[in-house]
Structures are given as structure tokens and as C-alpha cells.
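give the three-dimensional model of this entry:
(chains A, B, C and D)
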Number of protein chains: 2
Amino acid sequence: MSRNDNISMSVIRRLPRYYRFLSELNEQNIDKISSTKLAEIMNVTASQVRQDLNCFGGFGQQGYGYSVSQLKEEIQNILGLNNNYKAILIGAGNLGKAVAKHMNFEKLGFELIACFDCNEEKVGKKLNNLTIMHDSLLDEFCQNNKINTAFLCIPRVCVENVLDKLYGYGIKNYWNFSHYDIARKYSDTLVENVHLSDSLMTLCYKMNNRDKIL
Amino acid sequence: MSRNDNISMSVIRRLPRYYRFLSELNEQNIDKISSTKLAEIMNVTASQVRQDLNCFGGFGQQGYGYSVSQLKEEIQNILGLNNNYKAILIGAGNLGKAVAKHMNFEKLGFELIACFDCNEEKVGKKLNNLTIMHDSLLDEFCQNNKINTAFLCIPRVCVENVLDKLYGYGIKNYWNFSHYDIARKYSDTLVENVHLSDSLMTLCYKMNNRDKIL
DNA sequence: TAGATTGTTAATCGATTAACAATC
DNA sequence: TAGATTGTTAATCGATTAACAATC
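Sure, this is the predicted structure:
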């Protein structure tokens, strides 16, 4: 099935976007689409669509196009959204709460099974269906549960301490909202960073250079 | 000063990262750094550092290196972080609250001057130093205040309606947390999108392909 | 002056786009 | 069969890296 073992991250990062647009088309009960039309909708080139998809297999049919529902499923599988990776949330502050409540983890390949905070006031409160636990229970929880991922929503200065523990318990995948550089310390981790301030600074730059950009 | 009028977005997106590392070095009272050392710290090539910086000017000194504090300031200026762009927040849900409380807007070139929500229960409550206002007050507020940017923390389906109003009042810069495609509808807008679910899906892919990646 | 390190040009690498033969 | 559209190769474009002359 896979025609190309060395898929570039540029391609990977476009997959969620394909997935979103295909999901929409699917909801609109559109059952076939050509690379040209899909490209139009997504504001990319038809060549890119075909090249991207062909990294993973020949999902289309010459003369016809692509089956929307099939292609959506294929990308779902490529991304691995049918997984049920167990995740824990570290930090139930504003950001942690937002992340926990805002995301539909089941549709994204994850299940949030616990959340921790160092603040006594938060401990015992509910977050979704979970009761927030104190950081001191982390060790016990990690020993008794298989955890695939940690979502880090704590300040940068707190990360190293927690990370050392989590890594010690074999957790090697992180969704990281801090600026702490996880992969530098532990090179066999997989990390997705969300740098909100970087994004806002980029907007600031664009605003300063409106004329050059538009 | 600017040697290159057509800076690529690849370069721009690296600037916040330079800025962060330089800020750290500055806090550690390190006053000079060579492209080689900076590259090492940032895990990039020295060539890239020099190329990137030279898009904007010759900030270094041959035989010596770069002044940390000067370079930090230069990038601060390039990004426009000394601005005081007036921003309003639309949506004071979990995500909106997290964004409002979590970010240090002043250091990022912005000032949050109001926030709005359509939920009567939230109206009147405080968010930072601001009182959450009902969406129905948006028109009046926009007429009486100069607003540069809107931070959209509302569900996708709610965006178009609000966007039309905001655009009508001349707001053309958006920090967008929804999947609504603002730039498609209004092509003279500047948009920074934050797609949290895309990031998590990418992590999911990486986890599924750990062996290929690491 | 000698050593260090930049600024900048040239070479390489990778990603995107164009073109078209294969085929449904 | 004729028309449409893919899969795939080749061409182009842009970004990264290497090299080195300029110079502090």
C-alpha cells in the first residue's frame, strides 16, 4: 500500500487539512471528487493533491477521480485516528481546561484518562468526566496504567521536573504547550509543540508588513 | 536596513524562535554570540542563522559575532513587538479564557481591550481586568473604538456571522482558533490560524510511525 | 598581524508544479 | 470509442547548506 517509505513532514502536515475538507464533502453527501476540484476547494494545486495522495497509495480511479468517503477513510487510517492512545493531562489551569474541554479526543485517536495539577485547590474538582488529581499521585498512576502520551499544559519552568518522571515511566510522546525543548533532553521522544505566542508574533509581523504581504 | 524586500514565510516563522533564545541568553547576561554557537543552541545550521539574519540587515561584526541584546532588539523590532495593537476577544469560553489569561499580550505587540460572548451567563463576569460584554454590544464598541485585531475563540459555525460584522467595521487582522477559512471569504485580511486538532493529529501520525521517524 | 567570524555567493537539496502517458 | 482524470516522471522553483572572500 505504501509507495513511499520516507514521507516528508510537509506532506504529513497537510493530511489533517485534507481530512477536514474530505469530512465536510462527505457530510454533504458528495461521493466523488477530482484532484482539480479538491485543489480548488483547498486552495492548492491539483498536482500537489495527486502527489501527496500518491505517497500512500493509488486511491483514485483514472477518468473518474477519488471516492470521497474512501479517501477520507484512507487518510483517517494513515493518520491513525482510529487509535485509542491513552493520554494524561498535566496542568489543569486555563489552558489545560480549554484543551480538555475543547478537543474531541476520540475523533483524534486519543482518550484522556486522567489529569493532574499541583494546585491543591484544583485537586478533586471535575474536568469533563475526570477528577483532577494531585501531582503526587502521578507516580502511582503511571505504575498502574499504560499511558501513551502526556499533554503538557504547565509553565515552562515546571516541565523538566514532571518530564523526568514521565519519561522515567516510559512515556515518550508529548503534546507540549510550553517552550521547554523536550526533544533536546530526550531524543527518543516524539513531540508536537504548540507555540501560541509564536503564532501571535507572526500575526504581529504580518500586520507590520501588510503592504509587502498582500 | 532591510536588504531583502521579499522575505519568505519560512524565515518569518523562525523569527519568534530566535527571539526566544536570544531573550534567554540576554537574561543570562551573555552579551555576545557567534552564529555557530547560536545555531548549536537552536539546533539549526550556522548558515541558516546568518542567512536569516541577513535578510534584515548586517547585525553582526566580522571576527566577533552578534551582540545578544542588540540582536534581540532588532528581531523585536522586525516582528513589531513594540506595537500596541488593540485587540478584542470574541468568545469567552474555555479556549478564549485560556488565551486571555495565558498570554502576555503586551510583550507580543498587542493589548486586549474587550471581550465578547453570546452567552448571557458569561456576560458581566470578569476576564482579567475586562468585563465580558454581550455580542449585541459589538457594533457600538466597534464604532467607538479603533480595533486592529480580533481573536476568534468561537465555534466554526459562529464565525461567519461575527466575521461579517467585524470586517464591516474594518477589522482585517485575525487570530483564528476555528477552522473557518477567513482569508477565503475576505482576501484582504491577514490571518494566523491555530489548528489545535491538526497538531494533535500530527502527533498521532508520528506515534503510528515512530520507527520511520526516529 | 593573525585569528575569528561575518556577509554573501555558489552549490545542493528538497518540495512544488507541469506535463503527459496510462487507463478507467 | 472518446473523454476524463489519475499516477508518475521531468522541470522548475525555492530553501537550505557549503564555501570563502571580506573585514573586524
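
distance from the centroid: which residue in chain A tops it?
residue A:63 (34.7 Å; CA atoms, centre = their mean).

mind checking the SS state of that residue?
coil (DSSP: H, G, I helix; E, B strand; the rest coil).

pull up the gap between it and residue B:130, please.
Taking CB to CB, to the nearest Å as the measure, residue A:63 falls 58 Å from residue B:130. Any C-beta I mention is one placed from the backbone N, CA and C, and that applies to glycine too.

repeat that for residue A:165.
Between residue A:165 and residue B:130 the computed distance is 37 Å (CB to CB).

residue contacts, residue A:14?
A:44, A:52 (CB atoms under 8 Å, 6 or more residues apart in numbering or on different chains).

does it belong to a helix, a strand or coil?
Following three-state DSSP, residue A:14 is assigned to helix.

separation between it and residue A:20?
11 Å.

can you check residue A:202 too?
Going from residue A:202 to residue A:20 by CB to CB gives 21 Å.

what does residue A:189 give?
27 Å.

I figured residue A:169 hits residue A:142, correct?
Yes - counting by CB atoms under 8 Å, residue A:142 is a contact partner of residue A:169 at 3.8 Å.

of these two, which one has the most company?
Comparing residue A:169 with residue A:142 by neighbour count (other CB atoms under 10 Å in any protein chain shown), the higher total belongs to residue A:142, at 19 against 16.

what strand or helix carries that one?
Element membership for residue A:142 (DSSP states H and E) is helix A:138-144.

identify the residues contacting the next helix or strand after that helix?
Toward the C-terminal end, the helix or strand that comes next after helix A:138-144 (DSSP H and E) is strand A:149-152. Strand A:149-152 has contacts (CB under 8 Å, 6+ apart) with A:85-91, A:96, A:99, A:110, A:112, A:159, A:162-163, A:166, A:171, A:173-178, A:180, A:182, B:203, B:207.

now with 6 Å?
Under the contact criterion CB atoms under 6 Å, 6 or more residues apart in numbering or on different chains, strand A:149-152 has outside partners A:85, A:87-90, A:166, A:171, A:173-176, A:178.

what of stretch A:125-137?
If you take CB under 6 Å, 6+ apart as the criterion, stretch A:125-137 is touched by A:92, A:100, A:115-118, A:122-123.

measure it end to end?
Here the two ends of stretch A:125-137 are set 15 Å apart, with distance taken as CA to CA, to the nearest Å.

what separates it from the chain centre, distance-wise?
When distances are taken as CA atoms, centre = their mean, to the nearest Å, stretch A:125-137 is centred 22 Å away from the chain's centroid.

buried stuff in it?
A:127, A:130, A:132-133, A:135 (16 or more other CB atoms under 10 Å in any protein chain shown).

relative to residue B:10, which of those is nearest.
Distance ranking of the buried residues of stretch A:125-137 against residue B:10, using CB to CB, places residue A:127 first at 37.9 Å.

now that closest one, which residues is it bridged with?
residue A:130 (DSSP bridges).

show the pLDDT at it.
Looking at residue A:127, its pLDDT is 97.

distance of it relative to residue A:152?
Distance check for residue A:127 against residue A:152: by CB to CB, it reads 15 Å.

repeat that for residue A:164.
As for residue A:164, its distance to residue A:152 is 13 Å (criterion: CB to CB).

give me the more crowded residue out of these two.
Neighbours per residue (other CB under 10 Å) separate residue A:164 from residue A:152, with residue A:152 holding more: 28 against 11.

per-residue confidence for the more buried one?
So residue A:152 comes in at 98 (pLDDT).

what pLDDT does the nearest residue to it once chain neighbours are set aside get?
Counting by CB to CB, 6 or more residues apart in numbering or on different chains, residue A:152 lies nearest to residue A:176, which is 4.8 Å off, once chain neighbours are set aside. For residue A:176, the model assigns a pLDDT of 98.

surely residue A:176 meets residue A:193?
Yes - at 5.0 Å, residue A:176 and residue A:193 qualify as touching, with contact defined as CB atoms under 6 Å.

quick one, the helix or strand where residue A:97 lies and helix B:94-102 angle?
Here residue A:97 is covered by helix A:94-102, with elements defined by DSSP H and E. With axes from the mean of the first three to the mean of the last three CA atoms, to 10 degrees applied, the angle from helix A:94-102 to helix B:94-102 works out at 170 degrees.

off-centre distance for helix A:94-102?
Between the centre of helix A:94-102 and the centre of its chain there are 14 Å (CA atoms, centre = their mean).

counting contacts, what elements does the helix or strand that that helix is followed by pack onto?
Next along the chain after helix A:94-102, taking DSSP H and E as the criterion, comes strand A:110-117. Applying 3 or more CB pairs under 6 Å, 6 or more residues apart in numbering or on different chains; DSSP states H and E, one finds that strand A:110-117 contacts strand A:85-90.

residue ranges in chain A under the pLDDT threshold?
A:1-4 (pLDDT under 70).

do you know how far residue A:71 is from DNA strand D?
10 Å (CB to the nearest atom of the strand, to the nearest Å).

the helix or strand that contains that residue near DNA strand C at all?
Residue A:71 belongs to helix A:68-79 when assigned by DSSP H and E. No - judged by CB under 7 Å from any atom of the strand, helix A:68-79 stays clear of DNA strand C, getting no closer than 13.6 Å.

what is that helix packed up against?
Checked by 3+ CB pairs under 6 Å, 6+ apart, helix A:68-79 has helix A:9-27, helix B:196-208 packed alongside it.

now do that helix against helix A:9-27, angle only.
Using the same axes, to 10 degrees, the inter-axis angle of helix A:68-79 relative to helix A:9-27 is 140 degrees.
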